[in-house]
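Engineer: quick one: sequence and predicted model below, then my questions.
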There are 2 protein chains.
Amino acid sequence: MADAPVREFDAVVFVMLRRAILDPQGRAVQATLARLGHGNVGDLRVGKRIELRLRGERAEVEAQLERIATSVLSNPVMEDVRTELTEVTPAPT
Amino acid sequence: MADAPVREFDAVVFVMLRRAILDPQGRAVQATLARLGHGNVGDLRVGKRIELRLRGERAEVEAQLERIATSVLSNPVMEDVRTELTEVTPAPT
């Protein structure tokens, strides 16, 4: 019997400062835009978009991604984190 | 005749280093994950997710968002940029 193919997943992790926390970088960018004539821009916040690829079985990879997102890629005290996972393994022929 | 209500839009701008350009921050995070036992993680890249709100008419706001995204929020020589725009004006009653 052939080995099962290794499955691969593309993941994206979004990390944003919590709404209640001041975002100085966002404030600075918004002030720059206002000086450039974009006074109709508000609520600007800067966060992270992290792409990664994971190999393994779906259930394990899903659990691993949640652990990584909340314990390494973000600070749950200060930040909200959201993940997306999409399988990219080519269909068997 | 009543004034037309001001329309509001939520925008998101994603900025990632181009694929051909080395991402040292992504490399560092990936190396950290590998040391923590996540050796099945690859191709990790760190970019930005920028949220903002814009007021105005849709066509003007769309064009303005593209200008801001490509000329202020990213460096087109080094980075790829993608935008999303969603109207948030409450429906008139």
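Structural biologist: Perfect, I can see it now. Numbers count the residues shown, from 1 in each chain, chains lettered A, B, ... in the order given.
Engineer: so which residue is smack in the middle of chain A?
Structural biologist: By Cα atoms, centre = their mean, chain A has its centre lying nearest to A:Val13, at 1.8 Å.
Engineer: what bridges to that one?
Structural biologist: In this entry, A:Val13 is beta-bridged to A:Ile50, A:Thr83, by DSSP bridges.
Engineer: give the buried residues for the longest helix along chain A.
Structural biologist: Secondary structure assigned by DSSP state H gives helix A:58-71 as the longest helix of chain A. Residues A:61-62, A:64-65, A:68-69 are the ones in helix A:58-71 that count as buried (16 or more other Cβ atoms under 10 Å in any protein chain shown). (Each C-beta comes from the backbone N, C-alpha and C, glycine too.)
Engineer: surely the residue nearest to the centre of chain A and A:Ala69 touch.
Structural biologist: Yes. A:Val13 lies in contact with A:Ala69 (Cβ atoms under 8 Å); the separation is 4.8 Å.
Engineer: tell me, what's touching those two both at once?
Structural biologist: A:81, A:83 (Cβ atoms under 8 Å, 6 or more residues apart in numbering or on different chains).
Engineer: ok, A:Val6 - contacts?
Structural biologist: A:55-56, A:89.
Engineer: which one of those is nearest to B:Gly26?
Structural biologist: A:Arg55 (17.2 Å; Cβ to Cβ).
Engineer: now narrow the buried residues of helix A:58-71 to whatever sits close to chain B.
Structural biologist: Checked against chain B using Cβ under 8 Å from any Cβ of the partner chain, these give the following subset in range: A:61, A:64, A:68.
Engineer: got those as TSV, with pLDDT and distance to A:Gly47 columns?
Structural biologist: As requested, those are exported to TSV (pLDDT from 0 to 100; distance: Cβ to Cβ, whole Å):
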residue	pLDDT	distance to A:Gly47
A:Val61	97	23
A:Gln64	98	22
A:Ile68	97	17
